[in-house]
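Enquirer: 3D model of this:
(chains A and B)
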Amino acid sequence: MLTKAPRGTRDILPAETGMWQFFEEKVREVSRLFGYSEIRTPIFEHTELFLRGVGEVTDIVSKEMYTFTDRGQRSLTLRPEGTASVARAYLEHKMQGEAQPVKLYYVGPMFRYDRPQAGRYRQFHQYGVEVFGASDPTVDAEVIALPLSFFRSLGLKDFTLHINSVGCPKCRGEYRQQLQASLKEIVGELCKDCAERYDKNPMRILDCKNEQCQELTKDVPAQLELLCEECADHFAAVREALDALGESYIVNPRLVRGLDYYTKTAFEIMSSELGAQSTICGGGRYDHLLSTIGGPDVPGIGFAMGIERVLLAMEAAGVQPRADRGTDVFVATAGVAAAEALKVTLALRQAQVAADKDYLGRSLKAQLKYANRLGVRYLVILGAEEMQNGQATLRDMQTGEQETVTLAALTERVVALVREAK
RNA sequence: GUGGGUGUAGCUCAGCUGGUUAGAGCACCAGAUUGUGGCUCUGGGGGCCGUGGGUUCGAGUCCCAUCAUCCACCCCA
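Expert: Predicted structure coming up:
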């Protein structure tokens, strides 16, 4: 156990960090283009924030939170998602006083006590954005268009956008009652999970994967068909905006978002490259989240993207980040000149050349072999002969050609070669 | 929380119905070449066979438990 990362966590090793860096570069690029600024909130918050913000009856809160008590007897929770924290920061720093809308993005780890699965971890990472202070449907369209554009910039193609409207507190309450009424007679025939959902979250029954449940509920009206006028108009306007952008989508009346705070627009982007956990991005509008956690009634909308899942999809799609160039030069010694080797290595580094040397007192042959494994293009050899003449041997590992250079001219010569090789 | 699969060398895996000192390929180290890598050849280091218990004269192999891991459900990114 000592030498094993905790369940559901993992190390991102050097072989993978190139992909992560590529992803993060694209995040910054696309976010900037769309007008978002980065915010970095704490990894843990008062437990109360998630209870109120995410909703006490959600699975996330009721069974997936990493909650602990600190030495001051405060109940704290490792953040299971990003929206509540960003909303809290918006209120704490009185951003309603800044120019509206406020457009923020974040990247970082989230924590949920779940059974690990393909594309699901207990510590996972999300890229998300939030827009506060704008209820216009074109904002919804922009928040949907951003991840689509982002995925394309990563080189992904096989993904599908699903959209729906989950209504507002007004029409959702009415719908829920109607739904329960129309399900009342068949609830006994539904699967075990759906029987539980009947009281807890009846909207989810329509989303059940069980074939019998699908069959039994196929004529039950969805929320989408019973929206109030305001919500219906809003949804129509979002569709219009997406159409104008030329984005195709599937209207999925059975798409339900798990978190309490969602209103009106809900959407998911699914990758066809993945297994069961195929949702790579999910989001929607949350017009009453701010007031729920004690702020003014400022509308909001955002999305969250699962980075591990997107990386998995990229891998499946064969996307390759540009390879890291690594070390340019290796400084080898032949028995003597250990001090000179360090001096030469540091001089090269100072000249912006990635240089490394042997630290194990290995034979020249072993150093060559090591340099070869590093994929180094040039090798500097410092031996007794060279030292006597104040020179160094410079070897091109690719062609095998060698030249003799004076120590005084060595750095300049290497810089020229490396620049040429780029 | 529920169900199923899998745990043998650093990695990928063999190990037939339980039977001698547990193997291969790749990787690693060394030598062939006492100052020159990649290819080749030769040699070498490495394994509480996940862990604990049981059955048996004998367990990597069979049984139970446990842990880990993978996949799926629930739910979600």
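Enquirer: Could you list the residues of the stretch 101-250 of chain A in contact with RNA strand B?
Expert: Within the stretch 101-250 of chain A, the residues that sit near RNA strand B (Cβ under 7 Å from any atom of the strand) are A:112, A:114-121, A:124, A:126, A:193, A:197, A:201, A:204, A:207-210. Yep, even glycine has a C-beta here, placed from its N, CA and C like the rest.
Enquirer: So which of those residues belong to strands?
Expert: Using DSSP state E, the subset of these located in strands is A:Phe124, A:Gln126.
Enquirer: Just the buried ones among the residues of the stretch 101-250 of chain A next to RNA strand B, please.
Expert: Neighbour-count burial (16 or more other Cβ atoms under 10 Å) is assigned, among these, to A:Arg112, A:Asp114, A:Gly119, A:Arg120, A:Tyr121, A:Phe124, A:Gln126, A:Arg197, A:Asn201, A:Arg204, A:Asp207, A:Cys208.
Enquirer: pLDDT added to the residues you listed, as CSV?
Expert: Shown next, in CSV, are these (pLDDT from 0 to 100):
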residue, pLDDT
A:Arg112, 95
A:Asp114, 90
A:Gly119, 89
A:Arg120, 92
A:Tyr121, 93
A:Phe124, 95
A:Gln126, 97
A:Arg197, 81
A:Asn201, 79
A:Arg204, 81
A:Asp207, 78
A:Cys208, 77
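Enquirer: would you turn the residues you listed into CSV with distance to A:Arg28?
Expert: What follows is those, written out as CSV (distance: Cβ to Cβ, whole Å):
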residue, distance to A:Arg28
A:Arg112, 26
A:Asp114, 29
A:Gly119, 24
A:Arg120, 26
A:Tyr121, 23
A:Phe124, 20
A:Gln126, 15
A:Arg197, 40
A:Asn201, 37
A:Arg204, 36
A:Asp207, 35
A:Cys208, 40
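Enquirer: For stretch A:171-181, give me every contacting residue.
Expert: A:166-167, A:198, A:202-203, A:205, A:220-221, A:223, A:226-228, A:231, A:263 (Cβ atoms under 8 Å, 6 or more residues apart in numbering).
Enquirer: A:Glu273 contacts A:Ala313, correct?
Expert: Yes. With contacts counted by Cβ atoms under 8 Å, A:Glu273 reaches A:Ala313, the gap being 4.3 Å.
Enquirer: got any residues that touch both of those two?
Expert: The contact lists of A:Glu273 and A:Ala313 share A:Leu156, A:Asp158, where a contact means Cβ under 8 Å, 6+ apart.
Enquirer: show me where the stretch 1-150 of chain A has strands.
Expert: Along the stretch 1-150 of chain A, the stretches classed as strands by DSSP state E, counting those that start in this stretch are A:37-38, A:44-46, A:66-69, A:75-78, A:102-111, A:123-132.
Enquirer: deepest of those strands, which one?
Expert: Ranked by mean neighbour count, these are led by strand A:123-132 with a mean of 23 (mean count of other Cβ atoms under 10 Å).
Enquirer: So A:Thr152 belongs to a helix, correct?
Expert: One correction, residue A:152 is Arg, not Thr. Yes. According to DSSP: H, G, I helix; E, B strand; the rest coil, the state of A:Arg152 is that of a helix.
Enquirer: For it, give its distance to A:Val319.
Expert: Distance of A:Arg152 to A:Val319, computed by Cβ to Cβ, to the nearest Å: 11 Å.
Enquirer: quick one: which of these two has more around it?
Expert: The neighbour comparison of A:Arg152 against A:Val319 (other Cβ atoms under 10 Å) goes to A:Val319, with 17 against 12.
Enquirer: which SS class is that one?
Expert: Three-state assignment for A:Val319 (three-state DSSP): coil.
Enquirer: Pull the contacting residues for the residue nearest to A:Ala334 when sequence neighbours are not counted.
Expert: Nearest in space to A:Ala334, with sequence neighbours left out and distances taken as Cβ to Cβ, 6 or more residues apart in numbering, is A:Gly383 at 3.4 Å. For A:Gly383, the contacting residues are A:Thr333, A:Ala334, A:Gly335, A:Val336, A:Ala337, A:Leu364, A:Thr393, by Cβ under 8 Å, 6+ apart.
Enquirer: could you redo the last one with a cut-off of 7 Å?
Expert: Neighbour list for A:Gly383: A:Thr333, A:Ala334, A:Gly335, A:Val336, A:Ala337 [criterion: Cβ atoms under 7 Å, 6 or more residues apart in numbering].
Enquirer: check contacts around whichever residue of chain A sits closest to RNA strand B.
Expert: Nearest residue of chain A to RNA strand B (Cβ to the nearest atom of the strand) works out as A:Gly258 at 1.1 Å. Shown in contact with A:Gly258 (Cβ under 7 Å, 6+ apart): A:Thr58, A:Asp59.
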